[in-house]
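Student: only geometry, no sequence info:
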């Protein structure tokens, strides 16, 4: 991220590097006591991971979150989506949620994942105030996958529900094709797997062998 102002940067001192695992950094603004959290997951190259979109993939529609913003409620989740991803996480795959939502929705995104029983994982949003759609969303997710690859991480599974997800997963060369899973969406161009409901994935994922961690 470019240092263009309005953000806090902290360099971890030499000799105090974070060890393997998931870490939470809690920030408090001294002036008004507002807070925010940052999560950092330290894993070795080759760690099994999966990635998932959020809106329309895990929530019941693309616009569900924006309706709930008006009431302060939590978006509903697609039936058995949490069970499927929990089963995958139980096999040793680390979750990463990539959403083109604006960054000011990151806390609500974490609240949704926690309230609906999804496995905890790193949440990455866009950096702007309005989020991203269309090609901008594709570029964002393509960039996220590129950064993962540069760290030696190649997602073994990917979940989405739109053409932008399908194109990004193709750009990232996620293989095999049937591990690109699309909820109620046909990936006609790159031939990912279409599912009507997550229910079918639960026994499949529970029957998987445990992932091999480096």
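Tutor: Yep, that arrived. Everything numeric in this text was worked out from a predicted model, so none of it was measured.
Student: which element follows the strand or helix carrying residue 135 toward the C-terminus?
Tutor: For residue 135, the host element (DSSP states H and E) is helix 134-150. For helix 134-150, the following helix or strand on the C-terminal side (DSSP H and E) is strand 157-160.
Student: ok, then the element right after that following strand?
Tutor: Defined by DSSP H and E, the subsequent element after strand 157-160 is helix 163-171.
Student: how many degrees apart are that next one and helix 134-150 in direction?
Tutor: Helix 163-171 runs at 30 degrees relative to helix 134-150, counting by axes from the mean of the first three to the mean of the last three Cα atoms, to 10 degrees.
Student: Contacts for helix 163-171 next, please.
Tutor: For helix 163-171, the external contacting residues (Cβ atoms under 8 Å, 6 or more residues apart in numbering) are 53, 57, 100, 133-135, 137-138, 141-142, 145, 158-160, 180, 182, 185, 187, 189-190, 192. Every C-beta, even on glycine, is put in place using the N, C-alpha and C of the backbone.
Student: Pull the number of nearby residues for residue 160.
Tutor: Counted by other Cβ atoms under 10 Å, the residues lying close to residue 160 total 26.
Student: Please apply the same query to residue 213.
Tutor: 12.
Student: low-confidence ranges in this structure?
Tutor: 1-5 (pLDDT under 70).
Student: if I read this right, residue 126 contacts residue 103, doesn't it?
Tutor: Yes. Using Cβ atoms under 8 Å, residue 126 is in contact with residue 103, at 6.5 Å.
Student: Of these two, give the one with the bigger neighbour count.
Tutor: For the pair residue 126 and residue 103, the greater number of neighbours falls to residue 126 (21 against 15), based on other Cβ under 10 Å.
Student: Could you pull up phi and psi at that one?
Tutor: phi -70, psi 170 (degrees, to the nearest 10).
Student: contacting residues around it?
Tutor: Residue 126 neighbours (Cβ under 8 Å, 6+ apart): 100, 101, 102, 103, 132, 136, 140.
Student: The fifth one: which element?
Tutor: Same thing as residue 132. Going by DSSP H and E, residue 132 is not part of any helix or strand.
Student: from what I can see it touches residue 100, true?
Tutor: Yes. Residue 132 lies in contact with residue 100 (Cβ under 8 Å); the separation is 4.1 Å.
Student: For residue 43, see how far away residue 176 is.
Tutor: From residue 176 over to residue 43 the distance is 22 Å, taken as Cβ to Cβ, to the nearest Å.
Student: Ignore what I typed, I meant residue 35.
Tutor: Distance from residue 35 to residue 43, by Cβ to Cβ: 26 Å.
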